[in-house]
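Engineer: Provided below for reference: sequence and predicted model.
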Amino acid sequence: MNWKKFLLLTVSLFMIVLPKKSADGCGYTVVGDEFRFWILMPEIVNMQELLPFTFTSDYIYGDSWFYSDDPEHVEEIALIPSQKKNVNEWFDYLDGSASKKSIDSVLYHVDPVWFFAHADDSLMQFDFIKQIRTKKFDEGWRYLFFAKKCEQITTQGDPWGEEPLDIDAAEKVTAEGWSLYAQAQSPFVRLRLAYQLLRLNWYQGCPDDCIHIYDHLIKPVNTDSWVKGSALYFRAFAMGGMEKDYWLSKAFDQSLDKRSRCVLLFNRDSIQKILPYAKNNHERAVLWVMHELQNPGRSLPKLQQIYTLDPSNKDMKFLLLREANKLEDWLITPKVTSYSPSIRVSTFEDDENENENYKARNLASDFQYMQAVRYFINQLIADGRQKDRSLMYLLAGYLSILSKDYGNAEWQLNAADKHSMLPDELNAQIKLVKILNAVTSKPVIDSKTEMLILDYLTLIDERRTGFKNPFALKDQLLLFLSGKFMEKGNIAKGIFLLGKTNRKYGDFDFIWVTKNAYHLLLERGKPADYDEIISILKKNNPSPFEKFLRSGYIHLNRDYWDEPDSTQWDVNEILNLKGTYFMNRDRLDSALSTFSQIPDSFWNQEPYISFSDDDPFALNIYDTHNYRGDDRKSFNKRTFVEKLIALKRDATDHPENRALYYYQIGNAYYSMTWFGKYWIMNRIWWSIHEPGRNVADINDPFFKNYYGCRMAQKFYLLAQQNSKDKKFASLCCYMAGACEGNYRQFVKGSDWIGLDVKKNPYKKMLKSRFGDTDFYDELTTECTTYADFIAKYN
Amino acid sequence: MLDVDWNEVNSAYPTSITYFDYKIRQKGLDFNAVPVVFITNRTLQKIDTSQITGLAGKIVRKLDRVKELTARPVSEYQIDCDWSESTRQKYFLLLREIKRKIGQAQLSATIRLYQLKYPDKAGVPPVDRGMLMMYNLSNVKDYHVINSIFDLNEARQYFENLKPYPLKLDVVLPDFSWGVVFKDGKFCCLLRDLNDEKASHTSYLMKSTWSHGGNYYIIKKDTVVNKIYLRYGDLVRVEELNEEELLKAARLSVQAMKCDSMTVSLFDFDESTIYKTSPDELEKIFAAYR
């Protein structure tokens, strides 16, 4: 058996044909944020504590976002602002005598057990410890030691694994805490001691103590410390029913470290029952903010309500960004990929008449919704009650671009840019959206705009945007630009850009494989586009943008094995694709002319080498892929076309052998179909799952041949008509019947299971014309006699 | 199976617990397993006597997890502790509590050489058998020690004028090696399983000309091994026993072994040692006790 080819075919193939890494219960699939489009980055609102509620189907900064019931479990990234605040408070407590770095190290990066073991030696390397162990800060040191004990108890649980909590230790440490509290004088230390006691009591399931500690030891303290807001969170759990949710909203509003957790635990569905607990409009607005942070659908009516209740609400900007991210997903994801929006709550998706129409209706409806959001943002700008006007202008400008209102977009983006001292992230985002406006608003993307794009990509590569994950943005930008270039008629540059993005933009869902730039080129390219790509690759003096386009590796989406990209743009490969384009259209002379420009050495590499032992002009219907390796002649794509053209010429010039020539031409066309050994003449991928899955338009001439063997059948019938040899004519009829069977299965759209005897006219013809011959059984009964039968015609 | 240490919050707590692979458990292996717990002397120094019964229960419950490994009943539990005169009473109380909880099974305890030599000072643990440890005679952290795992001259002193030990003894011999890293003459850490052969083929190590009776290597370039940052100039004392030394250790220990049947163990007879130690070598060692 030709094992190499068999393997190649079995695993599906070439260039891309590999399964994607994501999986769901039904097999491999592209999910959520692998294809969701966004350009607006979450950092531009500078609200790290709410990052987990960025509009996404994934957590974009990692995969460690858990929805656990442990109220102590808070995503690390959400803790950072509170950590900074805590370090600053300790810094002030120590009168600035220790570095913030050493404070941060000891507080957040020293394991309690190590802390206890090395309190008198290694720990002294931290100037924080040196300072706090002086007599002046003795209370602070005793508190720190105590706090580490609390950390050990609350984070480690029972080390023996027998109980959720080490109860003995918790009781002992709680008693110690009360003793320390009774002695402590410093308000800084007393507040923290009370906080730790609150936590310990919460863990020990003592709600009354929690209420007492909060109400008497924490609430009356006049301070802006983060501790006070955080303590509200534990106080909330001392309450029951809807009152707990109300308290959670207070903690959400006033804490730094517990905001995300409060939203996750918030009983969103019961908001109407929680609202009566709110004492003023601000508190009502906060409840609606928590409600909307988890709304994957349209939030505008609630945002308007929040604005009415509390015009300067601090979370409004985050909610507006979420809304803009939703619009990106709903409106742009379907444009730049072949996927529907990654997250969708739609009015029309459940349409009873399930058809493509709902997509258009959704798009139109979402476009209208965008206008309403845009109007609302403009209203906020005009009212001037919200801070961060640059951000508001940026969002308005971006939505103006999506609305094709480029003039307004330019004005708004300039207004966004006017303010000095903007954070790096916001600056970088404004700059990018301005480029998008330049790209989108003009009929042609000129060289000046190309330079702007290049400069921005450099900014990303040099990590000067301020974004934590700038390369996600880069991939999105490349994908967006690719779409824009193609939309404006420049397929070549669009394809180059597509080769540079890591984003998913389409797949062959029946074989679980994502598409790459080669696929898109073969789908969309015209001969002039191939020539343009080749011209850019060959240019002696390319423009800087062209130089960028042709540089680096092509991302072929072979991510199943996480292989690094290693394929560079290659003129011969583009010529091969161009020749394939001509083969798809049966333009043999053009194909030959194209393949002839490729050196023979090109065909001696994978995957083409795997086809070198196949003779497409000889066919055994029982081994159409030549797995057994019976073929004796070698071909490549050029010599294949050469011989095919020669056979057609011979069929014209030599009528005496015409039947045999037509038969061999029929074999060649059969070999070029999905069923044949030389499908690579027509495609750059192959999968066993292809036919019978409604994979192609049955009226498309190419697919009629590729899955329906129409061209092959035409030549088998010509061979039959021209044959004077009855035995040979029966073979041609038999093969025409095989083609007919394939075609019927393709049209029927079900799994290919062989010839349909009852409906296949050629099967009937075979029996009626040749059924009484001595070779009929030889041809139709079993594969070994069949092989003998065809030997002399191959 | 289990190490127990002390911290300020949890008091006695497990620092490491061996978990058995699910596949091994599924196989239902048919062999005798003796679960062993190592308890630091610090734990005994710090623990309150009132907490000992509770600790004994926790230890036995953890050791009983060995039952997941083999279908056979646990016939012996072993406690390893380098107890001292000051912790003797608490330790022996712990042993009695453990014995009470394991029912019919036998309880054994490790016996170090000085405990063997001075039973009057160290006391004799209230257990069914002792396991004589023929290694770790010296302080591994001491820069001047030649080989902390085993030093024949050092060991001999413990066997001079040795009185019969009141317990029946088994013996465990050292079949392991390590590198002891010193930075500026101060103990830093151990490099597990390092021996002379490995060290001579390790790119970042260079044989030291300074012998001091021991086997020394110098770190010749900065490198990170097992999360330890080794710097140029750090000293590594490679400690191991060759076949001859192991045999001498065995012969020496025979003087203390007075019973008819005994267990001879090798520590650490793990994957690397199994393939390193030949059957002939093993036979010679076991023959020393016949």
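Structural biologist: Looks like it arrived, so ask away.

Engineer: ok, A:E292 - contacts?
Structural biologist: A:299, A:302-303, A:306, A:319, A:322 (C-beta atoms under 8 Å, 6 or more residues apart in numbering or on different chains). Any C-beta I mention is one placed from the backbone N, CA and C, and that applies to glycine too.

Engineer: Repeat the analysis, applying 7 Å as the threshold.
Structural biologist: A:E292 makes contacts with A:299, A:302-303, A:319, as judged by C-beta atoms under 7 Å, 6 or more residues apart in numbering or on different chains.

Engineer: Any idea how many residues pack against A:P616?
Structural biologist: Per other C-beta atoms under 10 Å in any protein chain shown, the neighbour tally for A:P616 reads 26.

Engineer: and what of the one 5 residues further on?
Structural biologist: With neighbours defined by other C-beta under 10 Å, the count for A:I621 comes to 16.

Engineer: so which strand or helix has the closest residue to it other than its chain neighbours?
Structural biologist: Of all residues not flanking A:I621 in the chain, A:A738 sits nearest, at 5.6 Å (C-beta to C-beta, 6 or more residues apart in numbering or on different chains). Remark: A:A738 resides in helix A:726-748, with elements defined by DSSP states H and E.

Engineer: Show me the beta-bridge partners of B:D3.
Structural biologist: Beta bridges link B:D3 to B:S16, B:F38, judged by DSSP bridges.

Engineer: What separation do you get for it and chain A?
Structural biologist: Going from B:D3 to chain A by C-beta to the nearest C-beta, to the nearest Å gives 12 Å.

Engineer: So which bits of stretch A:393-404 are buried?
Structural biologist: For stretch A:393-404, burial by neighbour count (16 or more other C-beta atoms under 10 Å in any protein chain shown) applies to A:393-402.

Engineer: per-residue pLDDT, the nearest residue to A:K643 once chain neighbours are set aside?
Structural biologist: Leaving aside its sequence neighbours, A:K643 sits nearest to A:F617 (C-beta to C-beta, 6+ apart; 6.6 Å). pLDDT recorded at A:F617 is 95.

Engineer: Repeat that for A:Y203.
Structural biologist: Looking at A:Y203, its pLDDT stands at 93.

Engineer: what does the helix holding A:A738 contact?
Structural biologist: By C-beta under 7 Å, 6+ apart, the residues outside helix A:726-748 that reach it are A:621, A:659, A:663, A:666, A:670, A:675, A:691-692, A:698, A:707-710, A:712-713, A:716-717, A:719-720, A:723, A:752, A:754-756, A:759-763, A:765-766, A:769-770, A:773, A:775-776, A:779, A:789-790, A:793.

Engineer: Among those residues, name the ones in helices.
Structural biologist: Taking DSSP state H, the ones among the contacts of helix A:726-748 that sit in helices are A:659, A:663, A:666, A:670, A:710, A:712-713, A:716-717, A:719-720, A:761-763, A:765-766, A:769-770, A:776, A:779, A:789-790.

Engineer: Please pick the buried ones from the residues you listed.
Structural biologist: If we count by 16+ other C-beta under 10 Å, the ones in helices among the contacts of helix A:726-748 have these buried: A:659, A:663, A:666, A:670, A:710, A:712-713, A:716-717, A:719-720, A:762-763, A:765-766, A:770, A:776, A:779, A:789-790.

Engineer: Residue ranges in chain A under the pLDDT threshold?
Structural biologist: Along chain A, the model assigns pLDDT under 70 to residues A:1-32, A:57-79, A:343-357, A:509-512, A:557-564, A:691-695, A:749-758, A:782-784.

Engineer: For it, give the helix that spans the most residues.
Structural biologist: Longest helix in chain A, counting by DSSP H: helix A:357-383.

Engineer: Quick one: list the elements packing against it.
Structural biologist: Applying 3 or more C-beta pairs under 7 Å, 6 or more residues apart in numbering or on different chains; DSSP states H and E, one finds that helix A:357-383 contacts helix A:300-309, helix A:316-327, helix A:389-402.

Engineer: Swap in 6 Å and give it another go.
Structural biologist: Packing partners of helix A:357-383 (3 or more C-beta pairs under 6 Å, 6 or more residues apart in numbering or on different chains; DSSP states H and E): helix A:389-402.

Engineer: Can you check what angle separates the helix it packs on from helix A:316-327?
Structural biologist: If you take axes from the mean of the first three to the mean of the last three C-alpha atoms, to 10 degrees, helix A:389-402 sits at 20 degrees to helix A:316-327.

Engineer: now helix A:389-402: how far from the chain's centre is it?
Structural biologist: 25 Å (C-alpha atoms, centre = their mean, to the nearest Å).

Engineer: which is the next helix or strand following it?
Structural biologist: Once the chain leaves helix A:389-402, the next helix or strand it forms, by DSSP H and E, is helix A:406-418.

Engineer: which one of the contacts of A:E292 is nearest chain B?
Structural biologist: A:L319 (42.4 Å; C-beta to the nearest C-beta).

Engineer: among the buried ones among the ones in helices among the contacts of helix A:726-748, which are in reach of chain B?
Structural biologist: Among those, proximity to chain B is found for none (C-beta under 6 Å from any C-beta of the partner chain).

Engineer: what about the closest residue to chain A within the stretch 151-290 of chain B, neighbour count?
Structural biologist: Using C-beta to the nearest C-beta, B:K186 is the residue of the stretch 151-290 of chain B that sits closest to chain A, at 11.5 Å. Look at B:K186: counted by other C-beta under 10 Å, it has 9 neighbours.
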